[in-house]
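> structural data only, the sequence is not supplied:
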């Protein structure tokens, strides 16, 4: 399956206009754009969270290592 051709896109556009009306289309597009933006933001936050956890754990391990080293000295 390839990309839809121009006549197919026009048919889809005509159906959307008939279903929602010309005045609702900008609102629908705005809502879709906001949804995509929120989705990308959530993905970015999920990618950053493990890095923050790892950094916190590294700090704890280093502190514990210093503590043990000072007890043995």
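Here it is on my side, so go on. It should be emphasised that the depicted structure is a prediction, and the values quoted were computed from it without experimental measurement.
> next, residue 5: phi, psi?
phi -80, psi 170 (degrees, to the nearest 10).
> same thing with residue 21?
According to degrees, to the nearest 10, residue 21 has phi 80, psi 150.
> one more: residue 4?
phi -70, psi 150.
> over to residue 3?
phi -70, psi 140.
> quick one: find the helix or strand in this protein with the lowest mean pLDDT.
helix 25-72 (a mean of 82; mean pLDDT, DSSP states H and E).
> by contact count, what packs against that one?
Under the contact definition 3 or more C-beta pairs under 8 Å, 6 or more residues apart in numbering; DSSP states H and E, helix 25-72 sits against helix 6-20. C-betas here are computed from N, CA, C, even on glycine.
> contacts for the helix it packs on, please.
Helix 6-20 is contacted from outside by 4, 25, 28, using C-beta atoms under 8 Å, 6 or more residues apart in numbering.
> what angle do it and helix 25-72 make?
Using axes from the mean of the first three to the mean of the last three C-alpha atoms, to 10 degrees, the inter-axis angle of helix 6-20 relative to helix 25-72 is 90 degrees.
> circling back: out of the contacts of helix 6-20, which end up buried?
The neighbour-count test (16 or more other C-beta atoms under 10 Å) marks none of the contacts of helix 6-20 as buried.
> now the residues you listed in a markdown table, with distance to residue 71?
As requested, those are exported to a markdown table (distance: C-beta to C-beta, whole Å):
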| residue | distance to residue 71 |
| --- | --- |
| 4 | 70 |
| 25 | 70 |
| 28 | 65 |
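> so what's residue 4 up against?
Neighbours of residue 4 in contact, by C-beta under 8 Å, 6+ apart: residue 12.
> relative to residue 11, how far out is it?
Separation of residue 4 from residue 11 (C-beta to C-beta, to the nearest Å): 9 Å.
> nearest to residue 42, out of the contacts of helix 6-20: which one, please.
Residue 42 has its nearest neighbour among the contacts of helix 6-20 in residue 28, at 21.2 Å by C-beta to C-beta.
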